[in-house]
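S.K.: I would like the atomic coordinates for the input below:
(chains A and B)
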Amino acid sequence: NAGVMQNPRHLVRRRGQEARLRCSPMKGHSHVYWYRQLPEEGLKFMVYLQKENIIDESGMPKERFSAEFPKEGPSILRIQQVVRGDSAAYFCASSRQGWNSPLHFGNGTRLTVT
Amino acid sequence: QQPVQSPQAVILREGEDAVINCSSSKALYSVHWYRQKHGEAPVFLMILLKGGEQKGHEKISASFNEKKQQSSLYLTASQLSYSGTYFCGTEFGSGNTGKLIFGQGTTLQVKP
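M.R.: The predicted structure is shown next:
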């Protein structure tokens, strides 16, 4: 029973390039959450999605960041024109029913912007 | 809106006990606890849903006082494997989205 799969595990981008982070939720889970974690800091909520819908994007920067969870395929977090401040670990989590349900986290994508 | 955890860091010897607190200025719908080891994903420990509820998992248990808007995680007879950073995650209000806002974390180090 595969867990939450994120890829790539490590991603290096130069300033101004685009970063695409992928997340496949656990089987049977239709709720996906993205969190950002800076070194030695906590998990900051970014966005919550269900299939084909963005439910809550209150934690997403207004510019350069977007997320989707299409009917088929993984959820994608896209960062355009990356800057050094985007360097962080990005974790995806999924849950079966949303509320009152544990979050199962992937191993994260560590983005480094040079 | 972010819950506040205390203490920020704890150092223990094997076999000692620890308590980690999580408090909120807003009414809580539920509290989750997770542990994260360095360089790894956070791992779910438990959810507390009702006021006054207590839950246990071997030597790790937790309580949730809805009235006081706080939760505590109890680690008894700590083992080396308990080392890591502990996060509480809180759901607010009646949105029922499952969206969690996490505290800043408490780093626990257990020494032999």
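S.K.: is stretch B:6-24 positioned near chain A?
M.R.: No. Against chain A, stretch B:6-24 shows no contacts by CB under 8 Å from any CB of the partner chain, the least distance being 10.8 Å. Quick note: C-beta positions are derived from backbone N, CA and C, even for glycine.
S.K.: how about the residues of chain A near chain B?
M.R.: Counting by CB under 8 Å from any CB, chain A comes close to chain B at A:4, A:31, A:33, A:35, A:41-45, A:48, A:55-56, A:91, A:95, A:97-108.
S.K.: same thing but 7 Å
M.R.: With the criterion set to CB under 7 Å from any CB of the partner chain, chain A comes near chain B through A:31, A:33, A:42-43, A:45, A:48, A:55-56, A:91, A:95, A:98-108.
S.K.: nearest residue to the middle of chain A?
M.R.: By CA atoms, centre = their mean, chain A has its centre lying nearest to A:W34, at 3.7 Å.
S.K.: show me what that residue is bridged to.
M.R.: Note on A:W34: beta-bridge partners A:V47, A:C92, judged by DSSP bridges.
S.K.: show me what contacts it?
M.R.: Counting by CB atoms under 7 Å, 6 or more residues apart in numbering or on different chains, A:W34 touches A:M46, A:V47, A:A67, A:L77, A:Y90, A:C92.
S.K.: need the pLDDT of the second one.
M.R.: What the model reports for A:V47 is a pLDDT of 96.
S.K.: what about it, how many neighbours?
M.R.: A:V47 has 23 neighbours, counted by other CB atoms under 10 Å in any protein chain shown.
S.K.: what strands flank the helix or strand of chain A with the lowest mean pLDDT, and is each parallel or antiparallel?
M.R.: Confidence across the helices and strands of chain A bottoms out at strand A:53-56, with a mean of 92, counting by mean pLDDT, DSSP states H and E. Its sheet considered, strand A:53-56 pairs with strand A:43-50 (antiparallel) by DSSP bridges.
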